[in-house]
Every structure is written in structure tokens, then in C-alpha cells.
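Peer 1: coords please:
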Amino acid sequence: MARRERVVRMSVEQPLWRALTAYRVLTMAYAVLLFVFTRDNFERPGVAVGYLAVMGVWTLATLPKVAGATACTKRFLIADLAIALTGILLTPFADVHAQSFDGPTLPSIWTAGSVLAYAIKGGWRWAAFASSLVAVANIIERGHPSRDTLHNVLLVWVASIAIGYVVEVARASERTLARALEIEAATRERERLARDIHDSVLQVLAMVQRRGTALGGEAAELGRMAGEQEVALRTLVAGGLTRTSHVSEDASLGAVVREVDEPDDPGGDGPADLRGLLAPHAGARVTFAEPGAPVLLPPAAARELAAAVGAALDNVRRHAGADARAWILVEDWPDEVIVTVRDDGPGIPEGRLAQAEGEGRLGVAQSIRGRLRDLGGTADLVSVPGQGTEVELKVPRAPRGPRGKAGT
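Peer 2: Okay, the predicted model is just below:
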């Protein structure tokens with residue numbers, strides 16, 4: 001099937017929900033053990049036992065509710081906070097002397113779990129609301145709150161708001177990242193389509209323009225119209241690319257239209273020998289030097305690399321002149337495959353690539369560099385006026401056995 005880019009999104013909140021689940025269970029156990037070791041201090045232990053039993057059952061029964069933002073509904077949050085507030089306000093009834101000293105309430109630090117659920121679910125505003133209610137309940141429970149009570153209340157209030165704010169920032173960052181990945185995937189697809197158009201439709205239009213002009217008569221008018229459509233299509237393709245890219249020398253318009261980025265080989269996922277894809281380029285004016293052993297690459301990578309070599313040779317045919325010669329050298333290394341295309345033409349004049357960029361031409365930028373970039377490789381172009389041009393294409397590969405050596 002054709003290549004596709006998929007964006008995988010993972011919630012940055014999920015670790016927080018998992019931590020909250022563990023926190024609620026551990027703090028429930030802590031509250032129960034705290035009562036067990038201090039039960040002799042309670043004038044009405046039955047009230048404490050009844051409340052802790054309800055809190056324990058509620059905590060265990062609602063574990064799925066704090067597994068994620070979707071499961072944690074507003075109704076659950078309201079009920080959970082109500083249980084926490086009830087425990088705080090019941091503390092003086094279970095322990096008459098609780099107001100005389102700054103001892104723990106019945107739910108103890110389990111209450112913070114309810115506030116944290118508000119913070120993770122709704123951000124700092126929800127956290128401020130929940131922590132404010134908890135603060136009021138603690139002040140009422142104490143009657144005459146001490147400095148330590150006020151300190152603890154303020155600490156929970158500030159900490160919950162800070163956590164809520166961090167959650168909101170994390171959500172915003174996640175949305176921004178997801179959007180950036182979607183734009184990147186869409187841009188890569190547009191660039192791939194632009195390469196296909198460049199290597200097929202634009203080449204045919206340019207060929208029709210040249211042949212029509214040479215033939216004259218009615219064919220010249222047809223060539224003129226084809227030239228106008230070529231310019232319009234180039235402008236449309238260049239304008240459709242949303243990411244800034246370096247647009248360079250036009251890959252040439254040979255008489256042969258090649259299929260690029262064709263569907264995957266239905267025969268399977270076995271590697272393809274790059275030599276077989278490049279050998280057809282060899283001819284009277286193109287010398288092909290290849291290793292003695294197969295140069296194996298994934299089929300899609302081999303096709304893209306061969307298409308980039310074809311685009312470089314098209315440039316030679318168009319810009320270096322009819323008498324220019326070209327050389328293709330393939331080097332197979334353990335960590336990469338290098339293909340070098342060199343010609344003895346006049347080279348690229350200084351400033352020509354910048355001019356091509358302004359004209360919206362996609363030859364070097366998309367048909368060569370764009371392909372190599374998508375493969376994780378690089379395309380380096382070196383040109384000296386009067387001394388020809390050399391294009392070096394590098395594609396990374398997984399290390400394997402002994403490499404082949406280039407031959408003639």
C-alpha cells in the first residue's frame with residue numbers, strides 16, 4: 001500500500017491519574033491505621049469506624065473513576081469531595097477533644113486526593129474551588145484554628161492551584177505538539193505529491209513546449225499553451241507548501257516520464273537491490289560504477305534513492321549540454337549507502353539556485369533533497385562554474401555484513 005504518516009498522541013495526564021489512584025489507596029490505608037493506633041482517644045469510636053468503612057469502600061469501588069479524565073465525571077468529583085468534607089466535619093463528634101489540639105481529621109491526608117482530582121480534571125480554577133471548601137471545613141472543625149492549622153490549609157490551597165496550573169500548561173503543550181505533528185505529516189504528504197507532479201506532469205508540459213516551439217506552426221501555439229500551464233502549475237505547487245523549504249534548481253525535463261513513489265511492491269517486504277534500479281541509466285554518456293555485491297535497501301528507500309539519482313541526471317541532460325558526460329558511483333558501507341552523481345558540464349552559476357527558489361522550481365529542493373530528507377539521509381551539491389557539478393546522496397542503513405566495493 002502507499003506510504004502514510006500517522007500521528008500518535010499520548011496523554012501527558014495519564015501518569016498523574018495513575019499516581020492519584022495509588023495516592024488514594026495509600027492514604028485510605030494510612031487513615032485506617034491512624035485510627036487503629038489512636039482508637040482509645042475517641043469518645044465515639046463507632047462514628048469513626050462507620051465513616052472510615054464508607055470511605056474505604058468508596059475508595060476501592062471508585063478506582064476506575066480516577067483512571068483517566070474521561071471516567072472522572074463531575075458527579076464523581078462532587079460526591080468524592082462531599083465524603084472528604086463530611087469526614088472533616090465529623091471529626092469533633094467522634095473525638096470531642098479534637099478541637100483542643102491540632103490532631104488529624106478522620107480522613108487525614110486522604111482529603112488531598114479529592115482536591116488533586118479537581119486539579120487534574122479541571123485545572124487551577126477547579127482546584128481553587130475544591131481546596132477553598134476544604135479550608136473552610138478545616139477551620140470550622142477546629143473552631144479556633146491555630147497557626148499550624150492555617151499553615152496547613154494554605155499549603156494545600158497553594159499546592160493544588162499550582163498542580164492545576166501545571167496540568168493546564170501540559171494540556172496546552174500537548175495540543176500544540178499534536179497540531180505541529182499533524183502539520184508536519186500534511187506538509188510531508190504535500191511535498192511528496194509535489195515531487196510526483198514535478199517528475200511527471202511538469203516534465204511532459206515542458207517537453208511539449210520545447211518540441212512545439214521547434215516544430216513551429218500550430219505546434220508552436222500548443223507549445224506556448226503548455227508552457228503557460230507549466231508556469232501556472234509550478235506556482236500552484238510551490239504555493240501549496242506550507243513549510244519553508246529551500247527551492248533550488250529544476251530537475252530536468254527528459255523525454256522519459258518516470259513513476260516515482262509508486263505503491264509498495266506486492267511481492268513482500270524483502271530488500272531491493274539498488275543496482276538494478278540504477279543500471280538502466282547507464283549509456284553512452286553515463287558511466288555506472290557499482291559494487292560487486294548486491295546493494296540491498298528497503299524497497300521504498302531504494303525507489304526514492306533511484307528517483308533522486310534520475311532527477312540529478314535530468315539536470316545534467318538539461319543544463320550541462322548535449323555533449324556532457326555523467327558518472328554514477330555507488331558505495332555500500334555498513335552504516336549507509338552513498339550514491340554520487342558527477343558531470344563535466346559548465347557547473348551552476350553563482351546565484352542560480354536562489355533564482356530558481358524565487359521561481360518556485362522544485363528540482364533540487366524536492367526531487368532530490370526532499371526525497372533524501374524523508375529517508376533520513378542527506379543530499380550535498382557541490383558545483384564550481386566551469387568544472388561541473390557533483391551531487392552526493394547518503395541514505396542511512398542498519399549495519400550488516402561485509403560491504404561491497406565499487407567497481408567499474
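Peer 1: where do the helices sit along the chain?
Peer 2: Taking DSSP state H, the helices of the chain run over residues 14-38, 45-61, 74-94, 110-122, 124-142, 147-197, 203-215, 218-240, 274-278, 299-319, 352-358, 371-374.
Peer 1: which strands and helices sit next to the last one?
Peer 2: It stands for helix 371-374. When contacts are defined as 3 or more C-beta pairs under 8 Å, 6 or more residues apart in numbering; DSSP states H and E, helix 371-374 packs onto helix 147-197, helix 299-319, strand 378-383, strand 389-396. For glycine as for every other residue, the C-beta is placed from the backbone atoms N, C-alpha and C.
Peer 1: Also the third one?
Peer 2: Contact analysis of helix 74-94 by 3+ C-beta pairs under 8 Å, 6+ apart lists helix 45-61, helix 110-122, helix 124-142 as its packing neighbours.
Peer 1: Would you mark the buried spots in it?
Peer 2: For helix 74-94, the neighbour count (16 or more other C-beta atoms under 10 Å) marks 76-77, 80-81, 83-88, 90-92, 94 as buried.
Peer 1: now it: mean pLDDT?
Peer 2: Averaged over helix 74-94, pLDDT sits at 92.
Peer 1: Repeat that for the shortest one.
Peer 2: Along helix 371-374, the predicted local confidence has a mean pLDDT of 85.
Peer 1: Just the CA atoms of it, as CSV, please.
Peer 2: Provided in CSV are the C-alpha atoms of helix 371-374 (Å, rounded to 0.1, in the frame of the first residue of the first chain):
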residue,chain,number,x,y,z
ARG,A,371,13.5,12.6,-1.0
LEU,A,372,16.7,12.2,0.9
ARG,A,373,15.3,14.1,3.9
ASP,A,374,12.3,11.8,4.1
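Peer 1: okay, the helices and strands packed on helix 371-374, which one's buried deepest?
Peer 2: Ranked by mean neighbour count, those are led by helix 299-319 with a mean of 24 (mean count of other C-beta atoms under 10 Å).
Peer 1: Where does pLDDT dip in the stretch 101-250 of the chain?
Peer 2: Low-confidence segments of the stretch 101-250 of the chain, defined by pLDDT under 70: 101-102, 145, 190-206, 226-250.
Peer 1: try 90 this time
Peer 2: 101-105, 108, 135, 137-160, 163-164, 166-250 (pLDDT under 90).
Peer 1: before we move on, the earlier item: out of the buried residues of helix 74-94, flag the one nearest to residue 19.
Peer 2: Nearest to residue 19 among these: residue 80, at 16.4 Å, using C-beta to C-beta.
Peer 1: Now do the contacts for the closest one.
Peer 2: 58, 62, 114, 117 (C-beta atoms under 8 Å, 6 or more residues apart in numbering).
Peer 1: Quickly note the distance from the residue with the largest distance to the centre of the chain to residue 92.
Peer 2: Ranked by distance from the centre of the chain (C-alpha atoms, centre = their mean), the top residue is residue 43, with 60.6 Å. Per C-beta to C-beta, to the nearest Å, residue 43 is found 10 Å from residue 92.
Peer 1: Kindly report the same for residue 371.
Peer 2: Counting by C-beta to C-beta - residue 371 and residue 92 are separated by 75 Å.
Peer 1: now residue 170
Peer 2: 39 Å.
Peer 1: Mind exporting the C-alpha coordinates of stretch 56-76 to CSV?
Peer 2: In CSV, the C-alpha atoms belonging to stretch 56-76 read as follows (Å, rounded to 0.1, in the frame of the first residue of the first chain):
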residue,chain,number,x,y,z
GLY,A,56,-12.7,2.7,52.3
VAL,A,57,-15.5,1.1,50.3
TRP,A,58,-15.9,4.3,48.3
THR,A,59,-12.1,4.5,47.6
LEU,A,60,-11.9,0.9,46.3
ALA,A,61,-15.1,1.0,44.4
THR,A,62,-14.2,4.2,42.5
LEU,A,63,-10.7,3.3,41.5
PRO,A,64,-11.8,3.1,37.8
LYS,A,65,-13.1,6.7,38.2
VAL,A,66,-9.6,8.1,38.7
ALA,A,67,-8.1,6.1,35.8
GLY,A,68,-8.4,9.0,33.4
ALA,A,69,-10.1,12.3,32.6
THR,A,70,-13.0,10.7,30.7
ALA,A,71,-14.0,8.4,33.6
CYS,A,72,-13.6,11.1,36.2
THR,A,73,-17.0,12.8,35.9
LYS,A,74,-18.3,15.9,37.6
ARG,A,75,-20.8,13.8,39.6
PHE,A,76,-18.0,11.7,40.9
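Peer 1: Flag every buried residue along it.
Peer 2: 56, 59, 62, 65, 66, 68, 69, 72, 76.
Peer 1: Please name the nearest non-neighbouring residue to the first one.
Peer 2: It refers to residue 56. residue 28 (5.6 Å; C-beta to C-beta, 6 or more residues apart in numbering).
Peer 1: hang on, the earlier thing: leaving out the residues flanking it, which one is nearest to the residue farthest from the centre of the chain?
Peer 2: That would be residue 96: by C-beta to C-beta, 6+ apart, it lies 4.8 Å from residue 43.
Peer 1: That neighbour and residue 45 touch, don't they?
Peer 2: No - in this structure residue 96 lies outside contact range of residue 45 using C-beta atoms under 8 Å: 11.9 Å.
Peer 1: before we move on, back to that, report the two of the buried residues of helix 74-94 separated the most.
Peer 2: Pairwise across those, and taking C-beta to C-beta, the largest span is found between 76 and 92, at 27.5 Å.
Peer 1: would CSV of the buried residues of stretch 56-76 with distance to residue 381 be doable?
Peer 2: Converted to CSV, the buried residues of stretch 56-76 look like this (distance: C-beta to C-beta, whole Å):
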residue, distance to residue 381
56, 71
59, 66
62, 63
65, 60
66, 57
68, 51
69, 50
72, 56
76, 62
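Peer 1: Pick out the most distant pair among the residues you listed.
Peer 2: 56 and 69 (24.8 Å).
Peer 1: show me what contacts residue 106?
Peer 2: 31, 35, 48, 51, 52, 55, 87, 88, 90, 91, 94.
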